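K.L.:
Okay, sequence plus prediction incoming.
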Amino acid sequence: MLLSSRYTRPLRTEYPGAIYHVMSRGKQRQNIFRDDADRLGFVSTLGEACHKTGWQVHAYCLMRNPFHFVIETPLANLVVGMSHMEARQGWETQADHRQNRRGWCLGE
C-alpha cells in the first residue's frame, strides 16, 4: 500500500560542512536517561558515530527527557551517523529499560 504524499516527509538534503541541531524526546514524555550510566553510554555511542563519520560535536545537553546536540558534518553524512546512533542507542535503551523513543528530530 502506498502512502499519499501528505504522510511522507521530503528527503533531508545533506550538505558537507553543515551544522545541525539534533534532539529527541522520550515517547509519551518518558525519560530517555535514568542515570549517569545511561548518559555515559549515549556519549560513547555519539563518540562512535563521530569516529565513523568525522562529525564534530560543538555542544550537547543530556537531560532526562530530551537531549540535544549540535554537530558539524564535514561530509554529507548526517543520516548515516544518525542511523548508527539509533541502531546502537535505541537497542541499548530498549534492552535496559524496555522503553521506546519517539525518534530523532533533526533541525538545520
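P.N.:
On my side now, so go ahead.
K.L.:
Need the three-state assignment for the nearest residue to residue 78 once chain neighbours are set aside.
P.N.:
Among residues not flanking residue 78 along the chain, residue 14 sits closest, at 5.1 Å (CB to CB, 6 or more residues apart in numbering). Glycine gets a C-beta too; all of them are placed from N, C-alpha and C. Assigned state for residue 14: coil (three-state reduction, DSSP: H, G, I helix; E, B strand; the rest coil).
K.L.:
how many other residues sit next to residue 14?
P.N.:
Residues contacting residue 14 under the criterion other CB atoms under 10 Å number 16.
K.L.:
so who does it touch?
P.N.:
73, 76, 77, 78, 79 (CB atoms under 8 Å, 6 or more residues apart in numbering).
K.L.:
could you flag which of those residues are buried?
P.N.:
73, 77, 78 (16 or more other CB atoms under 10 Å).
K.L.:
related to what we said a few turns ago, mind pulling the model confidence for the residue nearest to residue 78?
P.N.:
Looking at residue 14, its pLDDT reads 91.
K.L.:
how much space between it and residue 74?
P.N.:
12 Å (CB to CB, to the nearest Å).
K.L.:
do the same with residue 61
P.N.:
Distance from residue 61 to residue 74, by CB to CB: 23 Å.
K.L.:
ok, now residue 66?
P.N.:
26 Å.
K.L.:
Also residue 39?
P.N.:
26 Å.
K.L.:
Phi and psi next, for residue 63.
P.N.:
Torsion angles at residue 63 (phi, psi; degrees, to the nearest 10) stand at phi -110, psi 180.
K.L.:
just the one 5 residues further on next, same as before
P.N.:
Residue 68 has phi and psi values of phi -140, psi 150 when expressed as degrees, to the nearest 10.
K.L.:
Number of residues surrounding it?
P.N.:
15.
K.L.:
Also residue 37?
P.N.:
So residue 37, with other CB under 10 Å, has 10 neighbours.
K.L.:
now swap in residue 17 and tell me
P.N.:
For residue 17, the count of nearby residues is 9 (other CB under 10 Å).
K.L.:
Fine by me, thanks again.
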